[in-house]
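Asks: Pasting the sequence and the predicted model now:
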Amino acid sequence: MSPEKGINIDPQTKASSSSNNKKVVYHTKDFNLWYGDNHALKDINLSFNEKEVTAIIGPSGCGKSTYIKSLNRMVELVPSVRTSGVISYSDKNILDKTFKVEDLRTRVGMVFQKPNPFPKSVFENVAYGPKIHGIRNKKVLNEIVERSLRGAYLWDEVKDRLNENAYGLSGGQQQRLCIARCMAIEPEVILMDEPTSALDPKSTLHIEELVQELKKEYSIIIVTHNMQQAARISDKTAFFLNGEVVEFDKTDTVFTNPADSRTEDYISGRFG
Amino acid sequence: MEHMNANQVQNKMSTRIRKNSIAKGLFFLSTIFGLIILVILLVRVFSQGIGWLDWNFLTGRLSTDPEKAGIMGAFLGTAWMMLVIIPVTFILGVGTAIYIELYAKKGRVQSIIQTNIANLAGVPSIVYGLLGLTIFVRLMDLGNIVLAGGLTLSLLIMPILIVSAQEALRAVPQELSEASYGMGATKWQTIKKIILPAALPGILTGSILALSRAIGETAPLTVLGIPALLIPFPEGLFDSFTALPMQIYYWTLDAVLTEEYAYLAAAAIIVLLGLMLLLNSIAIIIRNKFQQRL
Ligand SMILES: Nc1ncnc2c1ncn2[C@@H]1O[C@H](COP(=O)(O)OP(=O)(O)OP(=O)(O)O)[C@@H](O)[C@H]1O
Ligand SMILES: [Mg+2]
């Protein structure tokens, strides 16, 4: 085993041993990813626990989006992508050719950086997921839509305009609608790629509170540029730099007593 | 300020402004030139044809007596052909566009197909006439019936339709399909429920414009041997027929002998222009509706 690998595995083992009896949902082992010749992710080793919030931080271009999109294989939409290593979800290697990507994405929902509701009604947006999975019963759909919208704390604001086009909602409402849409397929994990970067402070606060609520039921992995946000809402934090994981530990530890000087530099705003 | 000599700047200033006015004038003139030609054309057509445009002309059969001649036969021929052209081009054209844009691997093969489609859009229409004559009239032995004419014109506008459908599909934001895939939808579900509905207005606009190009075409129909002097109305896809532009073409030829035919041709042109205007307006309405929705 090369010395670099040893360094990478170390923080991960430390983190998982400290949170003793929680179940691991995702396990990433020696994962590499290339866009053509660009080696964007290098020997990533990370694991995520059930019902925890993990924040991924790091400077622009360090591979945060690439990594989170690897977790639901969305990254494959880019034709030049090649990967090596293992990402296992519920102990199955999702990078395996025979693994059904549709199944994975039903169990792992995603919320994107820019709110991206469909140009359909509020109701149809939330009902989209259940419908593509074959639910046709109107009563069941109504229930799912209400429950999801309540879960995303949006119900009171939109209950009288369920049939209006979702583009008429504010940016913050649209993002909560996207979270509701994601919850409607009842995933186990929710991936969020900078979900508040396009929002004002008040909507951001809404989403942060929502994340705290969601973590009771879901495992959440959230990419953020906002250091305070990571400190406020996450249990663990992974610091990415140039396609590598520099540090992965409990959020408290990463922010108060980081093991690597580069982490400290980044957190205190000395670069990035 | 060393490099910007105030005097020099002033001298240059008037020259620059003069050049600007000249450029503006030239572009204005070229616009006016096109407009004048269009106005002359319209005035001539309307002054000659409007007097002949009556109920009898619209609903009548072809006749050797110009006073009694009507264009119903040619109009029906065009209408029947549209019934062939619309489904054939729409299904094949949109299908091809979907395959190239959404399924085909981006690479050499795809770019070769793409270049060829673009080239096909530039092939003269008479060449499509020859293709139609070889394949539909001779090889498939259909004869010069509605189906053969419609298929030939379908081939003619297919490349235009494919290109415009591709543009419409490409204009659908990537974020929408990502959201759909992200919820476990298959590619086909995403295309059917998200991409196609979003691209449909664009596709329809393109199709209607392509269709209006098809119904004005004469050259390919001449090559197919579509007759102009045909008394019975076409009643189906397998009947002989004539079409509006063919009728206009032959009446214009006959005008050398009998002057009245020139007026009949002008009246028929008004009808054809009206039809195209109608199609284009539909396209514009669809486009505006779509823009409002976004
Ligand atoms: N579609 C793509 N094709 C080719 N290279 C890409 C693509 N997307 C990202 N990259 C490259 O991969 C590297 C990581 O990009 P990524 O988007 O994952 O960074 P990020 O950490 O999410 O940055 P940001 O904070 O700005 O969102 C960059 O060098 C980027 O240029
Ligand atoms: Mg990113």
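Replies: Ah, there it is. Ligands and ions are numbered 1, 2, ... in the order given.

Asks: which residue is nearest the middle of the chain?
Replies: Using chain A here. Using C-alpha atoms, centre = their mean, the residue of chain A that lies closest to the mean C-alpha position is residue A:191, 2.0 Å off.

Asks: The chain in question should be chain B.
Replies: Mean-position check on chain B, C-alpha atoms, centre = their mean. Result residue B:213 at 2.1 Å.

Asks: Could I get the phi/psi values of that residue?
Replies: Note on residue B:213: backbone dihedrals following degrees, to the nearest 10 are phi -70, psi -40.

Asks: just to revisit the earlier point, show me the contacts for the closest residue to the residue nearest to the centre of chain A other than its chain neighbours.
Replies: Nearest residue to residue A:191 in three dimensions, chain neighbours excluded: residue A:110, at 4.6 Å (C-beta to C-beta, 6 or more residues apart in numbering or on different chains). Glycine gets a C-beta too; all of them are placed from N, C-alpha and C. Listed by C-beta atoms under 8 Å, 6 or more residues apart in numbering or on different chains, the contact partners of residue A:110 are A:68, A:72, A:74, A:182, A:190, A:191, A:192, A:193, B:182.

Asks: do the host helix or strand of residue A:110 and ligand 1 meet?
Replies: Residue A:110 is part of strand A:108-111 when elements are defined by DSSP states H and E. No. Using C-beta under 6 Å from any ligand atom, strand A:108-111 stays clear of ligand 1, with a minimum separation of 13.8 Å.

Asks: State the pLDDT value of the closest residue to ligand 1 within the stretch 151-272 of chain A.
Replies: Sorted by distance to ligand 1 under C-beta to the nearest ligand atom, the residues of the stretch 151-272 of chain A start with residue A:225, at 6.0 Å. The score at residue A:225 is 89. That number is its pLDDT.

Asks: helix/strand/coil for it?
Replies: Secondary structure, DSSP: H, G, I helix; E, B strand; the rest coil: residue A:225 is coil.

Asks: how about the helices of the stretch 51-200 of chain B, start to end?
Replies: Assigned by DSSP state H, counting those that start in this stretch, the stretch 51-200 of chain B shows helices spanning B:55-59, B:72-98, B:108-120, B:125-132, B:146-170, B:174-181, B:187-190, B:196-215.

Asks: Just put the ones you listed in TSV and tack on distance to residue A:39.
Replies: Shown next, in TSV, are the helices of the stretch 51-200 of chain B (distance: least, C-beta to C-beta, whole Å):
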stretch	distance to residue A:39
helix B:55-59	72
helix B:72-98	34
helix B:108-120	26
helix B:125-132	51
helix B:146-170	30
helix B:174-181	24
helix B:187-190	29
helix B:196-215	36
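
Asks: Going by proximity to ligand 1, name the top residue of chain B.
Replies: For chain B, C-beta to the nearest ligand atom, closest residue to ligand 1: residue B:174, 10.5 Å.

Asks: quick one: that residue from residue B:180, how far?
Replies: 11 Å (C-beta to C-beta, to the nearest Å).

Asks: Could I get the buried residue list for stretch A:137-145?
Replies: A:141, A:144, A:145 (16 or more other C-beta atoms under 10 Å in any protein chain shown).

Asks: Could you say which helix or strand holds the second one?
Replies: With elements delineated by DSSP H and E, residue A:144 resides in helix A:138-151, which encompasses its position.

Asks: That helix - contacts with which helices or strands?
Replies: Under the contact criterion of 3 or more C-beta pairs under 8 Å, 6 or more residues apart in numbering or on different chains; DSSP states H and E, helix A:138-151 touches helix A:122-132, helix A:155-158, helix A:171-183.

Asks: Now residue B:154: closest residue in space that isn't a chain neighbour?
Replies: residue B:88 (4.3 Å).

Asks: and chain A, which residues reach chain B?
Replies: For chain A, the residues in contact with chain B (C-beta under 8 Å from any C-beta of the partner chain) are A:72, A:74, A:77, A:79, A:102-106, A:109-110, A:112, A:114, A:116-119, A:128-129, A:132-133, A:165, A:167, A:178, A:181-182, A:185.

Asks: List buried members of those residues by neighbour count.
Replies: Applying 16+ other C-beta under 10 Å to the residues of chain A next to chain B flags A:72, A:74, A:104-106, A:109-110, A:112, A:116-119, A:128-129, A:132-133, A:165, A:178, A:181-182, A:185 as buried.

Asks: so can I have CSV of the helices of the stretch 51-200 of chain B showing distance to residue B:43 and mean pLDDT?
Replies: Output for the helices of the stretch 51-200 of chain B, formatted as CSV (distance: least, C-beta to C-beta, whole Å; pLDDT from 0 to 100):
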stretch, distance to residue B:43, mean pLDDT
helix B:55-59, 20, 88
helix B:72-98, 24, 94
helix B:108-120, 37, 89
helix B:125-132, 28, 94
helix B:146-170, 30, 95
helix B:174-181, 49, 94
helix B:187-190, 53, 95
helix B:196-215, 22, 91
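
Asks: most packed of these?
Replies: Sort the helices of the stretch 51-200 of chain B by mean neighbour count, taking mean count of other C-beta atoms under 10 Å in any protein chain shown, and helix B:146-170 sits at the top with a mean of 24.

Asks: Between helix B:196-215 and that one, find me the angle.
Replies: 140 degrees (axes from the mean of the first three to the mean of the last three C-alpha atoms, to 10 degrees).

Asks: Which elements pack onto helix B:146-170?
Replies: Using 3+ C-beta pairs under 8 Å, 6+ apart, helix B:146-170 sits against helix B:72-98, helix B:108-120, helix B:125-132, helix B:196-215, helix B:219-224.

Asks: Looking at the ones you listed, which is nearest to residue A:48?
Replies: helix B:196-215 (34.3 Å; C-beta to C-beta).

Asks: Check which helices and strands the closest one sits against.
Replies: helix B:72-98, helix B:146-170, helix B:260-293.

Asks: Which among those helices is found nearest to residue A:123?
Replies: Closest among those, once you apply C-beta to C-beta, is helix B:260-293, at 17.0 Å.

Asks: Quick check: which helices or strands does that closest one pack against?
Replies: helix B:6-49, helix B:55-59, helix B:72-98, helix B:196-215, helix B:244-254.

Asks: what about that helix, distance to the chain center?
Replies: Remark: helix B:260-293 is offset 11 Å from the chain centroid, using C-alpha atoms, centre = their mean, to the nearest Å.

Asks: could you check the angle helix B:196-215 makes with it?
Replies: 170 degrees.

Asks: what mean pLDDT would you report for helix B:260-293?
Replies: Rounded mean pLDDT across helix B:260-293 is 86.

Asks: in that helix, what counts as buried?
Replies: Those would be B:261-273, B:275-276, B:279, B:282-283, B:286-287, for helix B:260-293 by 16+ other C-beta under 10 Å.

Asks: and what of stretch A:28-37?
Replies: Residues A:28, A:29, A:31, A:33, A:34 are the ones in stretch A:28-37 that count as buried (16+ other C-beta under 10 Å).

Asks: Is ligand 1 within reach of stretch A:24-42?
Replies: Yes. Applying C-beta under 6 Å from any ligand atom, one finds stretch A:24-42 touching ligand 1 at A:35, A:38, A:40.

Asks: out of these, which one sits closest to residue B:69?
Replies: Out of those, the member with the shortest distance to residue B:69 (by C-beta to C-beta) is residue A:35, at 68.8 Å.

Asks: Name the nearest residue to residue A:167, sequence neighbours excluded.
Replies: Closest to residue A:167 by C-beta to C-beta, 6+ apart is residue A:119, at 6.2 Å.

Asks: Actually, residue B:75.
Replies: residue B:244 (6.3 Å).

Asks: repeat for residue B:262
Replies: In space, and not counting its chain neighbours, residue B:262 is closest to residue B:255: 3.8 Å by C-beta to C-beta, 6+ apart.

Asks: Identify the residues contacting the one you found.
Replies: B:261, B:262, B:265.

Asks: for these, which one is nearest chain A?
Replies: residue B:265 (47.3 Å; C-beta to the nearest C-beta).

Asks: Quick check: the gap between the closest one and residue B:219.
Replies: Computed as C-beta to C-beta, the residue B:265 to residue B:219 distance reads 17 Å.
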